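Undergrad: Fold the following and give me the result.
(one chain, ligands or ions: 1)
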Amino acid sequence: MPNRPFIVGNWKMNGSRAMLPEARAIDRAAARYPDVSVGIAPPFTLVAVLAEALTNSQAGGQDCHAEAKGAHTGDVSAPMLADASASFVIVGHSERRADHGETDAMVKAKAEAALAAGLGVIVCVGETLEQRDAGKAEAVVSAQVDASLPSAEAISVAAQGRVSIAYEPVWAIGTGRVPSAADVEAMHAAIRARLVGALGDAGQEPRILYGGSVNAGNAAELLAVKGVGGALVGGASLTAEGFVPIIAAASRAED
Ligand code: PGA
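TA: Take a look at the predicted model:
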């Protein structure tokens with residue numbers, strides 16, 4: 001099922017071993033929705049633990065360094081994540097771009113490192129409120145896609161289905177505000193056009209996820225928007241109670 005929707009929980013800097021029962025409950029629920037691909041990206045400290053605990057869903061990282069190894073205190077590389085049995089990694093999240101000054105070029109290098117290590121990669125893009133209010137949202141996001149996407153060569157060498165884009169308007173993250181369905185559809189179409197521009201026919205393939213205040217109440221509507229291939233979920237992914245309804249909303253299977 002190559003086009004299964006991808007529902008990914010981004011735990012950010014939250015979580016300890018005490019959350020393993022939540023992860024297990026999410027994983028058990030994921031088995032009920034085989035037409036949905038489910039991932040959880042916990043803090044680095046829990047990647048190996050979760051990878052071990054999950055059987056119907058995947059564990060992933062929230063960031064990786066562009067180099068495989070070296071003198072980079074505090075950083076974790078893509079091969080290290082793969083060694084911890086991660087299946088994917090998120091790169092270029094707006095919190096990384098803002099807190100750590102990550103540029104598009106750095107995000108691209110990280111994404112290529114992830115693919116080289118055999119991981120799936122979710123490349124995050126999204127405009128600020130100021131940029132949206134200035135009518136620049138599509139231009140900003142298109143430029144981010146152009147400059148953050150792994151090279152066509154890196155993508156063609158990687159196995160199919162390993163690259164996803166997450167469109168996350170910065171102003172929608174953790175705020176309870178979401179763009180209109182029409183705005184999400186327009187942005188996903190713009191991103192698809194950039195992917196096709198960069199990759200030709202292969203640009204039809206990456207899933208484009210929506211992220212930013214996705215919850216049990218709005219998931220069905222957001223996931224039904226044309227061009228939305230899944231969701232990147234922060235706050236609502238921290239409990240099974242919050243996250244499982246989002247997985248269910250992505251599924252066509254009866255509960
Ligand atoms: P949120 O975060 O769902 O809490 O808005 C989404 C994200 O930052 O990936």
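Undergrad: Test my guess that Val141 contacts Gly126.
TA: Yes: contact criterion CB atoms under 8 Å: Val141 and Gly126 qualify, at 6.5 Å. Bear in mind the C-beta positions are built from the backbone N, C-alpha and C, glycine included.
Undergrad: what do those two both touch?
TA: Tyr167 (CB atoms under 8 Å, 6 or more residues apart in numbering).
Undergrad: State whether Asp183 is indeed within a helix.
TA: Yes: with DSSP: H, G, I helix; E, B strand; the rest coil as the criterion, Asp183 is part of a helix.
Undergrad: What sits closest to the residue of the chain found nearest the ligand if chain neighbours are left out?
TA: In the chain, the residue that lies nearest the ligand is Gly234 (2.3 Å; CB to the nearest ligand atom). Leaving aside its sequence neighbours, Gly234 sits nearest to Asn10 (CB to CB, 6 or more residues apart in numbering; 5.1 Å).
Undergrad: Please name the bridge partners of that neighbour.
TA: Beta bridges link Asn10 to Ala41, judged by DSSP bridges.
Undergrad: Helices of the stretch 51-200 of the chain, start to end?
TA: 78-83, 94-99, 104-116, 129-133, 137-148, 152-157, 181-199 (DSSP state H, counting those that start in this stretch).
Undergrad: Same list (those) but as TSV, adding mean neighbour count and mean pLDDT.
TA: Shown next, in TSV, are these (neighbours: other CB atoms under 10 Å; pLDDT from 0 to 100):
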stretch	mean neighbour count	mean pLDDT
helix 78-83	21	98
helix 94-99	16	98
helix 104-116	22	97
helix 129-133	15	97
helix 137-148	19	98
helix 152-157	14	87
helix 181-199	17	97
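Undergrad: Any idea which of those helices gets closest to Pro5?
TA: helix 181-199 (13.1 Å; CB to CB).
Undergrad: who's in contact with the next helix or strand after that closest one?
TA: Sequence order places strand 207-211 as the next helix or strand after helix 181-199, per DSSP states H and E. By CB under 8 Å, 6+ apart, the residues outside strand 207-211 that reach it are 3, 5-6, 8, 10, 122, 124, 126, 161, 164-168, 172-173, 184, 188, 191-192, 195, 222-223, 225, 227-234.
Undergrad: Equivalent analysis for stretch 181-196, please.
TA: 125, 137-138, 141-142, 145-146, 149, 165, 167, 178-179, 203-204, 206, 208, 210, 221-222, 225-228.
Undergrad: Is there a quick ChimeraX command that grabs whichever of the residues you listed are buried?
TA: Of the contacts of stretch 181-196, the buried ones go into a single ChimeraX selection, burial set by 16 or more other CB atoms under 10 Å:
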select :125,137,138,141,142,145,149,165,167,178,179,203,206,208,210,222,225,227,228
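Undergrad: pLDDT below threshold where in the chain?
TA: For the chain, the stretches flagged by pLDDT under 70 are 1-2, 253-255.
Undergrad: Grab the most central residue of it for me.
TA: In the chain, the C-alpha nearest the mean C-alpha coordinate belongs to Ile122, at 4.2 Å (CA atoms, centre = their mean).
Undergrad: ok, it - contacts?
TA: Applying CB under 8 Å, 6+ apart, the residues contacting Ile122 are Val8, Gly60, Phe88, Val89, Ile90, Val91, Ser164, Ile165, Ala166, Leu209, Leu232.
Undergrad: Of those residues, which pair is most distant in space?
TA: Gly60 and Ile165 (15.1 Å).
Undergrad: So which bits of this structure are right by the ligand?
TA: Selection of the chain residues close to the ligand by CB under 6 Å from any ligand atom yields 10, 168, 173-174, 211-214, 232-236.
Undergrad: These in strands, which ones?
TA: Mapping the residues of the chain next to the ligand onto strands (DSSP state E) picks out Asn10, Gly211, Leu232, Val233.
Undergrad: Out of those, which comes closest to Ala249?
TA: Closest to Ala249, out of all of these and judged by CB to CB, is Val233, at 10.9 Å.
Undergrad: that older thread, buried subset of the residues of the chain next to the ligand as a ChimeraX selection?
TA: A single ChimeraX command is used to select the members of those judged buried by 16+ other CB under 10 Å:
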select :10,168,173,211,212,213,214,232,233,234,235,236
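Undergrad: Kind regards, and thank you for your time.
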